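Participant: Based on what follows, work out the 3D shape:
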Amino acid sequence: MSKAGLELKDFSIAARRTEPATEVMPDVSALRPATADNFPPMLSKPSEQQRRDAAETRARAQEDTRYSLKNMKRAKQRHVKFFVNIALDYEMKARLQRAALENDLKMTAIVKAALDYYLSENSY
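Facilitator: From the prediction side, this is the model:
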């Protein structure tokens, strides 16, 4: 078996683009030399009062952004859990585990309820 050979006629080739023969040249006499009269009017410089007002407005906006960011971080920290390590003797832990199993609760829920009860009874 021989491989089929590819020839130039097997490929489609796009026709060449023809460029326009006549190019339009700009009229050099129409160009004027650059003078102060030819330039468009520049933006006027803001006065000292306008610059001060803009700076104060920008500073207030940045301060408001900073305060809102601080408040957002504080709100996020309020949901942080704080852990308390409690050393329990063997019998107390066994009672806590048995109460959790019998009442289908977690041990932490029971400890939280007990601490809340104690603190509220002692007016804390």
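
Participant: switch to C-alpha atoms for all contacts and neighbour counts from now on
Facilitator: OK.

Participant: what kind of secondary structure is the residue nearest the centre of the chain in?
Facilitator: In the chain, the C-alpha nearest the mean C-alpha coordinate belongs to Leu69, at 12.6 Å (Cα atoms, centre = their mean). Counting by DSSP: H, G, I helix; E, B strand; the rest coil, the backbone at Leu69 sits in helix.

Participant: switch to numbering from 52
Facilitator: All right, first residue 52 from here; so that's Leu120.

Participant: And the helices in the protein, which stretches?
Facilitator: If DSSP state H is used as the criterion, the helices of the chain fall at 99-129, 141-154, 158-172.

Participant: So what's the residue count around the spatially closest residue to Ile161 that is not a sequence neighbour?
Facilitator: With Cα to Cα, 6 or more residues apart in numbering as the criterion, Ile161 has its nearest non-adjacent residue at 7.3 Å, and that residue is Ala151. Counted with other Cα atoms under 10 Å, residues neighbouring Ala151 total 16.

Participant: With distance to Lys60 and mean pLDDT added, can I get the helices of the chain in a markdown table?
Facilitator: As requested, the helices of the chain are exported to a markdown table (distance: least, Cα to Cα, whole Å; pLDDT from 0 to 100):
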| stretch | distance to Lys60 | mean pLDDT |
| --- | --- | --- |
| helix 99-129 | 69 | 88 |
| helix 141-154 | 87 | 95 |
| helix 158-172 | 84 | 94 |
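
Participant: Need those in JSON lines (columns: distance to Met93).
Facilitator: Formatted as JSON lines, the entries for the helices of the chain read as follows, by distance: least, Cα to Cα, whole Å:
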{"stretch": "helix 99-129", "distance to Met93": "18"}
{"stretch": "helix 141-154", "distance to Met93": "80"}
{"stretch": "helix 158-172", "distance to Met93": "71"}
